[in-house]
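Chemist: One predicted model, sequence on top.
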Amino acid sequence: MNTSQLSTTSYNIILRMQQQEMDSSAIYTRIAQRTIGNNQKILLQLAYDETKHAAVWASYTSKSLKPNRLRVFWISLLTQLLGFTFMVKYLEKGETNDIAIYTKLESEVPAAAQILSDEVEHEKILMRMLDEERLKYVGAMVLGMNDALVELTGALAGFTFAMQNTRIVALAGLITGISATLSMTASSYLSSKADGNADALKSSLYTGVMYLVTVALMVTPYFIFPNDMAIPALGCMFAIVVSIIFAFNFYISVAKDLSFKQRFTEMLVLCIIVTGVSFAIGSIFKSVLGINIG
């Protein structure tokens, strides 16, 4: 097609989409090099599809584009941290969210409708076939993180109001957190084994590691702030809690196609309620018992 037949707006959109498809193709190819079996075949198929789409856009732009090396490197690096299932679904969601753009292009670019159909249907089917070990243990990870958030948020809030000393609160929080981690890991293992889970040990380790990481993040502010700044440390801790809830639920919502808003709201409200109750208990006990830790 002669590019002069396209409006400037449409041409720029198509050029951006061509670059996006080229980047995605390179990303999927690189990820596939680090996987084996059926996952590798699926990722290579996705890369092939993206290359085809880029070729269609190239017929309209008359330009030959190369992948953005920096973007490919960055997303490939994130893939090692977050998993290939998350990154594939995140990239595809970004493309299919441009439905309004595809619709506007159809009058000038008939092929846009077919490409959109591929994005929504064929690649969605392929993504459902992706199989990543870490996602098999999402339930175990949620259990560890959720318990740590709820239990330790309340404990740290109570310790803060009762003790008013960041180092003592940090020490109490660590002791409580590590003890709870060991208890949670053991309980998770025994529960999974009783249910006949062949991967009971691995599942319980995911639970324990997630619990311990959450504890470490939550206690950190109490080591950073001076001894007499327990309340600011508590505020920082709560900000970390909200960040953990946001980040983890965003990850799960993308990787498992679940509702982000509902899961985020439920966990946040629960933590706020527990923190509020713990505030009250800590203040009451301190006042009634007349304890003052300097």
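Modeler: Everything's here; your move. Numbers count the residues shown, from 1 in each chain.
Chemist: For residue 63, what are phi and psi?
Modeler: Backbone geometry at residue 63, expressed as degrees, to the nearest 10, gives phi -120, psi 150.
Chemist: wait, residue 19
Modeler: Backbone torsions for residue 19, taken as degrees, to the nearest 10, come to phi -60, psi -40.
Chemist: how about the nearest residue to it, chain neighbours excluded?
Modeler: Distances taken as CB to CB, 6 or more residues apart in numbering place residue 65 nearest to residue 19, at 5.4 Å, with adjacent residues excluded. To be clear about C-beta, it is placed using only N, CA and C from the backbone, and glycine gets the same treatment.
Chemist: What separation is there between the one you found and residue 76?
Modeler: If you measure residue 65 against residue 76 using CB to CB, to the nearest Å, the figure is 19 Å.
Chemist: what about these two, which has more around it?
Modeler: Set side by side, residue 65 and residue 76 show unequal neighbour counts under other CB atoms under 10 Å, the larger going to residue 76 at 19 against 16.
Chemist: so that one sits right up against residue 27, yeah?
Modeler: Yes: look at residue 76 against residue 27 with CB atoms under 8 Å: they come within range, at 6.2 Å.
Chemist: other SSEs contacting whatever helix or strand residue 140 lives in?
Modeler: Residue 140 is located in helix 138-163, with elements delineated by DSSP states H and E. Helix 138-163 sits against helix 166-194, helix 200-224, helix 230-255, helix 260-289, with contacts defined as 3 or more CB pairs under 8 Å, 6 or more residues apart in numbering; DSSP states H and E.
Chemist: out of the ones you listed, nearest to residue 57?
Modeler: helix 230-255 (25.3 Å; CB to CB).
Chemist: Low-confidence ranges, this protein, go.
Modeler: Counting by pLDDT under 70, the chain contains low-confidence residues at 1-5, 94-100, 103, 118-139, 255-257, 275, 278-279, 282-283, 285-287, 289-294.
Chemist: returning to that earlier point: export the helices and strands packed on helix 138-163 as a markdown table, with columns for distance to residue 53 and mean neighbour count.
Modeler: Formatted as a markdown table, the entries for the helices and strands packed on helix 138-163 read as follows, by distance: least, CB to CB, whole Å; neighbours: other CB atoms under 10 Å:
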| stretch | distance to residue 53 | mean neighbour count |
| --- | --- | --- |
| helix 166-194 | 43 | 17 |
| helix 200-224 | 37 | 20 |
| helix 230-255 | 21 | 18 |
| helix 260-289 | 27 | 15 |
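Chemist: so which of those helices gets nearest residue 148?
Modeler: Judged by CB to CB, the one of the helices and strands packed on helix 138-163 that comes nearest to residue 148 is helix 200-224, at 3.8 Å.
Chemist: what distance separates the closest one from the centre of its chain?
Modeler: On the basis of CA atoms, centre = their mean, to the nearest Å, helix 200-224 sits 16 Å off its chain's mean C-alpha point.
Chemist: picking up where we left off before, relative to residue 58, how far out is the residue nearest to residue 19?
Modeler: Distance, residue 65 to residue 58, using CB to CB: 7 Å.
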